[in-house]
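S.K.: Turn this into a model:
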Amino acid sequence: VLKIWPSAELRSHESVLLPDLGAGLRYVKDLSKMRALKPASVRLLDNDQFRLGQALRESPSKLQSFRNFISKRIFPARSVVCATIAFEGTPEEVKVQKKSVLHLASVHGGILAGSKVGKAGYDLTFAIAYLRDFALNHNILGESFETFVAWSKLARVIEAAKCKIRSEHERLALPG
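M.R.: Below is the predicted model:
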């Protein structure tokens, strides 16, 4: 079966900072229930991924520097997570999607971080494989994982994967 859709009239991005992984998981779970008007793509960056993205970005604008200052005052640097969101549709559909995203962000204690952060986070997901290969040439090991798991088990799977990676790293006496 081949399904074909027309190209979207409008594409845009947004990002939402949330206080911690639990709030982030509840937020994206609620976004997944939006039915026909849910965003085209939602990716939740855990704190490690978010801090990596912050370290890799170019110098921030004055507005972004101000947003960073505010977000650091609101959320602890070692727990904040970021949802990157891509919207597609007619201008009216995207407007409704953005309104819902903003409403759910406030329900879950989140704040908007801007479209540039959303676009950069979205683009980063496509660049990760190339970053991994480049870093490996400099003895830096990194990987991303994708899986299917029930919402009720997701936080435990994430923690178990990170725990296993750390223990294998230690067992193999890898540097870093």
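S.K.: OK, contacts around the closest residue to residue 174 other than its chain neighbours?
M.R.: Using C-beta to C-beta, 6 or more residues apart in numbering and skipping the chain neighbours, the partner closest in space to residue 174 is residue 141 (6.8 Å). The C-beta positions use only the backbone N, C-alpha and C, and glycine is treated the same way. Residue 141 is in contact with 135, 174, 176, counting by C-beta atoms under 8 Å, 6 or more residues apart in numbering.
S.K.: Okay, buried residues for the helix or strand hosting the first one please.
M.R.: Translated: residue 135. Counting by DSSP states H and E, the element that carries residue 135 is helix 115-136. Within helix 115-136, the residues that count as buried by 16 or more other C-beta atoms under 10 Å are 116-122, 124.
S.K.: and it, what does it pack onto?
M.R.: Judged by 3 or more C-beta pairs under 8 Å, 6 or more residues apart in numbering; DSSP states H and E, the packing partners of helix 115-136 are strand 10-18, strand 41-45, helix 47-56, strand 81-89.
S.K.: And the lowest mean pLDDT element among the helices and strands of this protein?
M.R.: Here the helix or strand of the chain ranked lowest by mean pLDDT, DSSP states H and E is helix 62-74, holding a mean of 62.
S.K.: Please consider this matter closed, and thank you.
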